[in-house]
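*Asks:* can't give you the sequence, but here's the structure:
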């Protein structure tokens, strides 16, 4: 909402008579923003001009909303609408700065800068590569060009060193490496392995002896069975021959 504009105060004395030029005047120089030229306003001494009246005049001339106008002294003091432009009648002219109202934020940025000001001042930098030399070139670019020239100059030496290193590795790889003798000092493991070998040897011997005994008993049983079978055949053969002989005799 805009403030109500008071009736325009006309201080133009161009139509006044020569006798009225003797009226004492007071002047206000308003420094504008954005590169605009300052505005000079004249007021009679008898008129008690306030900042609010000054805003209305600037609105009529430059169409700047009075609510957006902010007036400050040269020292930076803010002036409210109720403050008079001239402190006394003896003041001939006053210089004011006109600024527009800006939307504020959260705040605290100024205190943060003040808090970090001491820290930034204590940390002295040693990096000046962003500076420029007398030719206008940045020191960073000059240093990079020097480093690149040094690398190009040392490139043959690096190639030769890489080649020698590769040949040395090839020669080392072709040499037969001596066999390494490893001494095993774990006596407990050696003792346990010897005991295990003896147990295995005893178990194998015992198994072999049992097998040989079983084979011997089986072979004797087979021989006995063969003998009995042959004896039975012989006996059965003799009985049949005797029966045949008896049959022949009876026939006769």
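*Replies:* Cool, got the structure. Please read these numbers as outputs of a predicted model, since none were measured by experiment. Residues are numbered from 1 along each chain as shown.

*Asks:* only C-alpha atoms for contact and neighbour calcs from this point on.
*Replies:* OK.

*Asks:* and residue 25, how many neighbours?
*Replies:* Counted with other CA atoms under 10 Å, residues neighbouring residue 25 total 18.

*Asks:* does the residue nearest in space to the middle of the chain count as helix, strand or coil?
*Replies:* Centroid-nearest residue in the chain, with CA atoms, centre = their mean: residue 127, separated by 24.0 Å. Secondary structure state of residue 127, per DSSP: H, G, I helix; E, B strand; the rest coil, is coil.

*Asks:* mind checking how far it is from residue 139?
*Replies:* 10 Å (CA to CA, to the nearest Å).

*Asks:* Check residue 94 too.
*Replies:* From residue 94 over to residue 139 the distance is 49 Å, taken as CA to CA.

*Asks:* Then residue 176?
*Replies:* From residue 176 to residue 139 the distance is 55 Å (CA to CA).

*Asks:* again, but for residue 57
*Replies:* 54 Å.

*Asks:* Give me the more crowded residue out of these two.
*Replies:* residue 57 (21 against 16).

*Asks:* Surely the more buried one is in a helix?
*Replies:* Yes - membership of residue 57 in a helix is supported by three-state DSSP.

*Asks:* tell me the pLDDT at it?
*Replies:* Per-residue pLDDT puts residue 57 at 89.

*Asks:* what residues go with each domain of the chain?
*Replies:* Following automatic domain parsing, one finds the domains of the chain at 18-100, 128-174.

*Asks:* Just put those domains in TSV and tack on distance to residue 110.
*Replies:* Shown next, in TSV, are the domains of the chain (distance: least, CA to CA, whole Å):
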stretch	distance to residue 110
domain 18-100	16
domain 128-174	27
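
*Asks:* tell me the most buried of these?
*Replies:* Ranked by mean neighbour count under mean count of other CA atoms under 10 Å, the domains of the chain are led by domain 18-100, which reaches a mean of 15.

*Asks:* which helices and strands sit right next to the helix or strand that residue 154 is a member of?
*Replies:* Residue 154 belongs to helix 139-174 when assigned by DSSP states H and E. Taking 3 or more CA pairs under 8 Å, 6 or more residues apart in numbering; DSSP states H and E as contact, there are no helices or strands that helix 139-174 lies on.
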